[in-house]
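Chemist: kindly return the folded structure for what I paste below:
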Amino acid sequence: MNKQVNEVTPDYETSCTNELELSIRRMADLMHRLNQAIVAVVEQGATVEMLRCSRHHGGNGAWGDQLQPIVSMTDTRRN
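Modeler: Coordinates of the predicted model:
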């Protein structure tokens with residue numbers, strides 16, 4: 001079962017440091033801005049696909065997917 005960023009798990013409540021919580025909030029804010037940028041690009045007629053290009057391993061059992069945008073133009077672009 002996949003967890004979304006805004007869901008809180010029991011482990012999170014007890015093991016999340018203030019620094020980690022701040023980092024998570026920063027990441028969520030940047031993802032929100034990314035999503036707004038994607039909407040702007042799509043509204044102008046391009047298609048955006050996010051592709052996992054790598055996975056970062058922290059060496060402590062934690063990992064995170066890193067993304068790369070694939071942008072393609074459609075014939076129905078607005079001018």
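Chemist: any idea how many residues pack against Leu67?
Modeler: Other residues near Leu67 number 14, with proximity taken as other C-beta atoms under 10 Å. C-beta: built from backbone N, CA, C; applies to glycine.
Chemist: how about the longest helix along the chain, which residues are buried there?
Modeler: Secondary structure of the chain per DSSP state H: the longest helix is helix 18-43. Within helix 18-43, the residues scored as buried using 16 or more other C-beta atoms under 10 Å are Ile38.
Chemist: for it, packing partners?
Modeler: Packing partners of helix 18-43 (3 or more C-beta pairs under 8 Å, 6 or more residues apart in numbering; DSSP states H and E): strand 46-57.
Chemist: which other helices and strands does the strand it packs on contact?
Modeler: Counting by 3+ C-beta pairs under 8 Å, 6+ apart, strand 46-57 packs on helix 18-43, strand 63-73.
Chemist: go through the ones you listed and name the closest to Cys53.
Modeler: Checking the helices and strands packed on strand 46-57 against Cys53 by C-beta to C-beta gives strand 63-73 as the closest, at 3.9 Å.
Chemist: how far off centre is that closest one?
Modeler: From the chain centre to the centre of strand 63-73 is a distance of 9 Å (C-alpha atoms, centre = their mean, to the nearest Å).
Chemist: for that strand, list every residue counted as buried.
Modeler: So strand 63-73, judged by 16+ other C-beta under 10 Å, has zero buried residues.
Chemist: just the residues contacting that strand, thanks.
Modeler: Contacts to strand 63-73, defined as C-beta atoms under 8 Å, 6 or more residues apart in numbering, come from residues 38, 41, 45-58.
Chemist: closest to Met27 among those residues?
Modeler: Nearest to Met27 among those: His56, at 12.5 Å, using C-beta to C-beta.
Chemist: before I go, just wanted to say thanks for your time.
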